[in-house]
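>>> After the sequence you'll find the predicted model.
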Amino acid sequence: MNIRVENTQHPSSMPGSEFGFGRIFSDHMFMMDYNANEGWHDARIVPFGRLSIHPASTVLHYGAEIFEGLKAYRRPDGGVQLFRPIENIRRMNDSAERLCLPQIPEDEAMEILTTFISHEKEWTPSAPGTTLYIRPFLFGNDESLGVHAVKNATFVIIASPTGSYYKEGFKPVRIMIEDEDVRAVRGGTGYAKCGGNYAASTRAGERAEQMGYSQVLWLDGVERKYIEEVGAMNVMFKINGEIVTPKLTGSILPGITRKSCIELLRSKGYKVSERLLSLQELVSAMTDGTLEEAWGCGTAAVVSPIGELCYKDIKYAINGGKIGELTQSLYDTLTGIQFGRSEDPFGWTVRID
Ligand SMILES: *Cc1c(COP(=O)(O)O)cnc(C)c1O
């Protein structure tokens, strides 16, 4: 693949260590254009800057946008590595298929990602828990208001040095069970990582925050009976020694952290069931004390312990509001592999240098 590189004339350096999330960006971005005649073309690494978009661009009117989120991790030896990037590429292509956006061949997408991150690797911070957050996104970019599969698209990757998710320490969060809004329905776009899903879930998240909760627990959109996800994370429960996580029915995002947790837990001999889990079953398990631990999982937080669930004003403490033993060990094992502090028996990491 030919990737043109135009370096910035105004290089900047990484500010201190207070990065927050997604507020500062590295000096360059990757861009590539698509049209129906030429396919993907003009792959380039260019100075980070504004995009110029036609006011009738498809993405602005019909929400034809998908994205990915992954991180580059600084190893103890100073090198930089990615965690299961091929999974992000495959998922991006699945999302593209759902939204009638053009896909990018896996090997080309991998070459683009590793070339771009190699170019920007000095922006990977090294303080504990900090990472270079990578945000690939792809959107429909026809310059007309007609509604149909697009003939033009744009693919961009930006990178943002990011602080530790757990600045104030790894601690349990309070979650409200949402019984009004739904995030996605089977047959819809729930399994695709698209901007529209986020637009639809913002209202419930805001309401939960106003009431002092960090996130909502989503129920299925058809019967409002089964547990789906927690905020923008997948969710897992330890009930009577067994790990239960909602099965991928089409309305749930197939998380790479979820997949990794399942593979890790199974390798350690735990019974992991991907199945329907009803709210009623969960409430019974909370009431009779068989719910031992609960956690959310996703790239940003890795693993996020849940200390309390609230449903119709009734509050249920989980594991006495403390971090569960298995939750902690999953967090330690996963971050150990991601940051290259421990062995990677699964071959999940990809070295950039
Ligand atoms: C991205 C995302 C997740 C987590 O996926 P990871 O690949 O583990 O980061 C879970 N749920 C939703 C809705 C998401 O957008």
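Right, received. Where do you want to start? Since the model is a prediction, treat every value here as computed from it, not as a measurement.
>>> how about the residues of this structure near the ligand?
Those residues of the chain that sit near the ligand, judged by CB under 6 Å from any ligand atom, are 69, 193, 229, 232-234, 253, 255-258, 298-299. For every residue, glycine as well, the C-beta is placed using N, CA and C.
>>> cutoff 8 Å now
Neighbours of the ligand within the chain, by CB under 8 Å from any ligand atom: 68-70, 87-88, 91, 183, 190, 193, 197-198, 201, 229, 231-234, 252-260, 297-300.
>>> For ChimeraX, what selects the buried ones among those?
Remark: buried members of the residues of the chain next to the ligand, expressed as a ChimeraX selection using 16 or more other CB atoms under 10 Å:
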select :68,69,70,87,88,91,183,190,193,197,201,229,231,232,233,234,252,253,254,255,256,257,258,260,297,298,299,300
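>>> Out of the residues of the chain next to the ligand, name the ones that lie in helices.
Glu87, Asn88, Arg91, Asn197, Tyr198, Ser201, Ile256, Thr257, Arg258, Lys259, Ser260 (DSSP state H).
>>> Can you give me the end-to-end span of stretch 258-277?
Chord length of stretch 258-277, first to last residue, is 16 Å (CA to CA, to the nearest Å).
>>> whoops, stretch 134-152 was the one
With CA to CA as the measure, stretch 134-152 spans 24 Å from end to end.
>>> Excluding residues flanking it in the chain, which one is nearest whichever residue of the stretch 1-150 of the chain sits closest to the ligand?
Nearest to the ligand in the stretch 1-150 of the chain, going by CB to the nearest ligand atom, is Gly69, at a distance of 5.7 Å. Among residues not flanking Gly69 along the chain, Thr299 sits closest, at 5.2 Å (CB to CB, 6 or more residues apart in numbering).
>>> Next up, the contacts around the one you found.
Residues counted as contacts of Thr299 (CB atoms under 8 Å, 6 or more residues apart in numbering) are Gly69, Leu70, Lys71, Gly255, Ile256, Thr257.
>>> Tell me which two in those residues are the farthest apart.
With CB to CB as the measure, no two of these lie farther apart than Lys71 and Gly255, at 13.8 Å.
>>> any chance you could map the helices in the stretch 201-350 of the chain?
Using DSSP state H, counting those that start in this stretch, the helices found in the stretch 201-350 of the chain span residues 256-267, 279-287, 325-338.
>>> Would you convert those into CSV that also reports distance to Asn7 and mean pLDDT?
Shown next, in CSV, are the helices of the stretch 201-350 of the chain (distance: least, CB to CB, whole Å; pLDDT from 0 to 100):
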stretch, distance to Asn7, mean pLDDT
helix 256-267, 32, 98
helix 279-287, 53, 96
helix 325-338, 29, 98
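>>> Reformat those helices as TSV; add distance to Trp40.
Listed next are those as TSV, based on distance: least, CB to CB, whole Å:
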stretch	distance to Trp40
helix 256-267	24
helix 279-287	44
helix 325-338	30
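>>> Between those helices, which one is closest to Thr124.
Counting by CB to CB, Thr124 lies closest to helix 325-338 out of the helices of the stretch 201-350 of the chain; the figure is 12.2 Å.
>>> got the buried residues for that closest one?
Of the residues in helix 325-338, those buried (16+ other CB under 10 Å) are Leu326, Thr327, Gln328, Leu330, Tyr331, Thr333, Leu334, Thr335, Ile337, Gln338.
>>> quick one: that helix to helix 256-267, angle?
For helix 325-338 against helix 256-267, the angle by axes from the mean of the first three to the mean of the last three CA atoms, to 10 degrees is 110 degrees.
>>> now for helix 325-338, which elements pack on it?
If you count contacts as 3 or more CB pairs under 8 Å, 6 or more residues apart in numbering; DSSP states H and E, helix 325-338 packs onto strand 80-83, helix 256-267, strand 291-298, strand 302-311.
>>> This completes my enquiry, with thanks.
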